[in-house]
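Visitor: The following block contains a protein sequence and its predicted model.
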Amino acid sequence: MDDPRFPCAPQFTCVGAQADPYAAVPTLVLRLRITDDTPGGVHAITLRCQIRIEPARRQYTTGEAELLGDLFGPVARWRDTVRAMQLATLSVTVPPFTGSTDVDVPVPCGYDLEVAAGKYFASLEDGEIPLLLLFSGTVFCRTERGFEVTPVPWDREARYRLPVALWHEVMDLYFPGTGWLRLRRDTLRGLLRYKSARALATWDETVERLLEEAGDR
């Protein structure tokens with residue numbers, strides 16, 4: 001980008017992702033590759049990254065479509081209801097580099113099924129999740145005119161197709177084979193009465209019994 005308003009114009013590419021097994025909460029780590037041809041190099045970047053899910057950019061199985069009905073409605077209306085969803089807005093500091101560098105961006109992954117992104121991820125069986133990364137921030141660099149401070153150009157973005165299996169791996173690291181469902185206190189008390197009256201040992205048994213009685217098992 002040969003624009004005097006942006007003497008330093010880094011480019012961004014997402015080159016990979018992995019689960020973080022040591023974070024306090026379920027966390028996915030995106031690997032960013034940043035390149036910049038400023039001869040004097042980049043002293044630092046205070047980078048903001050907005051991550052969006054683009055659900056319209058993939059196909060869905062019949063089973064996935066059934067689960068996503070709670071989020072997007074009937075499949076017949078998906079042309080109007082399937083829209084990009086916000087996943088996270090994060091800030092990272094990029095250290096000095098010349099030419100190119102790789103930076104890790106930790107992305108906390110919610111497991112709350114009342115949050116749109118969590119509900120979407122949990123509904124997918126396999127394949128990939130289309131992500132759009134939008135970048136902004138400030139670049140500190142040295143050019144022929146000396147030390148300069150410039151914004152990250154407003155058109156900087158990157159796309160990445162995150163494997164669904166990797167999201168499941170992240171969840172299984174922290175909550176192996178389980179999930180979370182938030183209920184009102186009065187609903188929980190009602191479930192507790194139902195569980196106690198039938199001498200059921202676990203909450204799984206309680207819900208399974210209710211599903212059987214409703215004819216869904």
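Guide: Cool, the structure landed. Numbering: from 1, shown residues only.
Visitor: sec struct for the residue nearest the centre of the chain, please.
Guide: Closest residue to the average C-alpha location of the chain: Leu87 at 4.6 Å, with CA atoms, centre = their mean. Per DSSP: H, G, I helix; E, B strand; the rest coil, the secondary structure class of Leu87 is strand.
Visitor: Pull up the per-residue confidence for the closest residue to Gly99 other than its chain neighbours.
Guide: Leaving aside its sequence neighbours, Gly99 sits nearest to Thr35 (CB to CB, 6 or more residues apart in numbering; 6.9 Å). (Each C-beta comes from the backbone N, C-alpha and C, glycine too.) pLDDT, Thr35: 95.
Visitor: circling back to that earlier point, how far away is the residue nearest to the centre of the chain from Tyr194?
Guide: 36 Å (CB to CB, to the nearest Å).
Visitor: Likewise for Leu124?
Guide: Remark: distance between Leu124 and Tyr194 (CB to CB) = 32 Å.
Visitor: next one: Thr27
Guide: 36 Å.
Visitor: In terms of neighbours, single out the busier of these two.
Guide: When Thr27 and Tyr194 are compared for neighbours, Thr27 comes out ahead with 18 against 14, by other CB atoms under 10 Å.
Visitor: Burial check on the spatially closest residue to that one that is not a sequence neighbour, number of neighbours?
Guide: In space, and not counting its chain neighbours, Thr27 is closest to Asp20: 4.2 Å by CB to CB, 6+ apart. By other CB under 10 Å, the residues close to Asp20 number 18.
Visitor: what's the answer for His168, then?
Guide: Residues lying near His168 (other CB under 10 Å) number 16.
Visitor: Relative to Gly63, how far out is it?
Guide: His168 is 15 Å from Gly63, by CB to CB.
Visitor: One more: Met171?
Guide: 18 Å.
Visitor: These two - which one has more neighbours?
Guide: For Met171 versus Gly63, neighbours defined as other CB under 10 Å are more numerous around Met171 (20 against 11).
Visitor: Confirm for me that Ala65 is in contact with Gly73.
Guide: No: the pair Ala65 / Gly73 is not scored as a contact, 10.7 Å apart, by CB atoms under 8 Å.
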